[in-house]
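**Student:** Output the structure for:
(2 chains)
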Amino acid sequence: MSNLDWVVLAVTLLGVVAWGVWRTRGITSADAYLRGGADARWHTIGLSIMATQASAITFLSTPGQAWENGMGFVQFYFGLPIAMVLLSAFVLPVYHRLKVITAYEYLEQRFDRPTRQLAALLFLLQRGLAAGITIYAPAIILSTLLGWPLDSTCLAIGALVIFYTVSGGTRAVSQTQKQQMIVIMGGMIAALIYVLGSLPEGVTFAGALEVAGALGHLDVVDFSFDPNTRYTFWSGITGGLFLAMSYFGTDQSQVQRYLASESLTQSRLGLLMNGLLKVPMQFLILFIGVMVFVFYLFVEPPAFFNRPARDVVAASASAEALGEAEAAFHLAFEKRRLVATEHVASLEAASESQRMAGRERLRAAHADVQRSREAVKDVIRAANPDLETNDTDYVFLTFVLSFLPAGLVGLVIAVVLSAAMSSTASELNALGTTTIVDFYRRSWVPDADDRHYLLASKGFTVAWGLVAITFATWASLLENLIEAVNIIGSLFYGTILGIFLVGFFLKSIGATAVFRAALVSQTLVAFLFFTSDLGFLWFNALGCTFVVVLATLAQNVFAHSRT
Amino acid sequence: MILVLSVTETPEQPKGSPPKNQTAEQPEDDGWGKAYVLVLVALGVNVFLYWLLGYTYG
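**Tutor:** Residues are numbered from 1 along each chain as shown, chains lettered A, B, ... in the order given. Here you go, the predicted structure:
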């Protein structure tokens, strides 16, 4: 990174934090700290919701995913706008009428205190672990490609987030997220414009779409019912809806964003703004990845994008085998580059049959490149089985560091760090708030004064921040950590959503039935997790179904036993 | 008094009304239906445009 990049990075990050702290100075009551003054407008809420969901890994992984597999991943978000409508219509009015600070307060109003605290505890367990990963995931990639020390990167991100989250509470989180989201979108649009401008002479936008489409990277919507295809229109509409309902409706890191509004109207508008913009935003990020893919059809990419991992093998006894595999990749790339250049150049004059023949030649040449890239990975895998050979997370940042001009590199790194900070801030804010509202003030110390609760709120936020930083710095000691945290999340999400669904829609079911059903459901999910090979995403649906069915059965049994 | 208890005494929930069994309501007919339809139509337009992109170039 050049000096200009460092200046852009520092000014952007510190400027946003300073602005957020200045705008939210003088918080003197616990209620203002936890609710954010309850005066946020819809655009602040909408951007805050989007910034909370978009973590740093979104901007590192998603373009790489499009580079590798095309744009089908956008279908995963098709259920989200429907969820925004359902939450706006059915759930927001209840939260606003009860004037709750946390989603779990509703459960005491509807059921009883144990049910509320069970759901709050499940949230703390799940989100407490995830906060560490939100810091660790970008830090490991930035430290690998830029040579930054991993622990210091985790510490710097965490300390900055703790500083402004503790300083201004919920309002500081929302205000900084608004600016961070502007930085994020500005940086990504600038990157897209630069990628399009960097395409070789003679490759028009239409030509770029033609080669991307020929190689299957523009097959966005898949209406097939094949259960083995991970992302289809149908899985997005159903699975995506389910996940979005639980995430936006019951996860305090999101609920706290839209409950900081001045009215029900502003909360609804904020959620609907997310429903309107989220899908196009994901499309844009994926499209950047596809344009990077087109760029690398004409400019030779590394055969393997995780350069430090590749260098480990290059310095080992397998160096010769690696050299041969990389030479074969180079030849395959040159062949594909010629075919792609000819295909683009001949488009205007070519007949439809000639165009189709050109596409076939391009696909064959691309398959050769893919095979030679796999051969390079095989050498790396054989030389050191511990090295991660999935390198798609490194594709976009490698492109940024190699080809973007000074200044823009700093801006894109600021995008990644802004995303990490905005997600982490929401998580710490929600963890601290849930601890103070659902446990400390409710059960542990119910009669203290407001100043005591303000200080305790800040103390719990700091404590959760330290937990997150500690977990992030230890994360490298564990294998497959990101997947592990996703699994833990899936184990709890279903039960939490099930409790809320019963509360909202099954009026006849009481506290005892839902509490027992939740405990049995969580036990059943844990049992299935340890004794079956079921994919972990299914636990979301199973946990929810268990709670709804068991609570209904239990309620009927109790009703009969009383009569 | 802790805040959690004060929740039951908001203007929208007069004293004496039972705080329990707060379930989802039928959506009010207050103009929001049009906003919801707009969001769903926008989703449909997005899906159609993405499908058209794949149909044209894929």
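**Student:** correct me, but residue A:528 touches residue A:543?
**Tutor:** No: the criterion here is C-beta atoms under 8 Å, and residue A:528 misses it with residue A:543 at 9.5 Å. (Each C-beta comes from the backbone N, C-alpha and C, glycine too.)
**Student:** neighbour-wise, which of these two wins?
**Tutor:** Ranked by neighbour count (other C-beta atoms under 10 Å in any protein chain shown), residue A:528 and residue A:543 place residue A:543 first, with 29 against 17.
**Student:** And for residue A:388, the neighbour number?
**Tutor:** Neighbours of residue A:388 using other C-beta under 10 Å come to 13.
**Student:** Now do the SS call for it.
**Tutor:** Under DSSP: H, G, I helix; E, B strand; the rest coil, the three-state class of residue A:388 is coil.
**Student:** List the contacts of it.
**Tutor:** Going by C-beta atoms under 8 Å, 6 or more residues apart in numbering or on different chains, residue A:388 touches A:306, A:309.
**Student:** next one: residue A:276
**Tutor:** By C-beta under 8 Å, 6+ apart, the neighbours of residue A:276 are A:81, B:38, B:39, B:42.
**Student:** Next, count neighbours for the second one.
**Tutor:** What it means is residue B:38. 14.
**Student:** now do the last one
**Tutor:** Counted with other C-beta under 10 Å, the neighbours of residue B:42 add up to 17.
**Student:** follow-up on the earlier one: TSV please, covering the contacts of residue A:276 and showing pLDDT, distance to residue A:472 and secondary structure.
**Tutor:** Shown next, in TSV, are the contacts of residue A:276 (pLDDT from 0 to 100; distance: C-beta to C-beta, whole Å; DSSP: H, G, I helix; E, B strand; the rest coil):
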residue	pLDDT	distance to residue A:472	secondary structure
A:81	97	33	helix
B:38	95	41	helix
B:39	96	36	helix
B:42	97	37	helix
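**Student:** Output those in a markdown table; the columns should cover distance to residue A:427.
**Tutor:** Shown next, in a markdown table, are the contacts of residue A:276 (distance: C-beta to C-beta, whole Å):
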| residue | distance to residue A:427 |
| --- | --- |
| A:81 | 24 |
| B:38 | 31 |
| B:39 | 27 |
| B:42 | 29 |
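**Student:** can you tell me which two in the residues you listed are farthest apart?
**Tutor:** The span of the contacts of residue A:276, defined through C-beta to C-beta, is set by A:81 and B:38 at 10.1 Å.
**Student:** where along the stretch 1-150 of chain A do the helices fall?
**Tutor:** Taking DSSP state H, counting those that start in this stretch as the test, the helices found in the stretch 1-150 of chain A are A:3-23, A:30-35, A:42-53, A:56-69, A:80-86, A:92-98, A:103-110, A:113-146, A:150-197.
**Student:** how far is the last one from where the chain is centred?
**Tutor:** Its chain's C-alpha centre and that of helix A:150-197 lie 14 Å apart, by C-alpha atoms, centre = their mean, to the nearest Å.
**Student:** For that helix, what does the pLDDT average out to?
**Tutor:** Mean pLDDT, computed over helix A:150-197, is 90.
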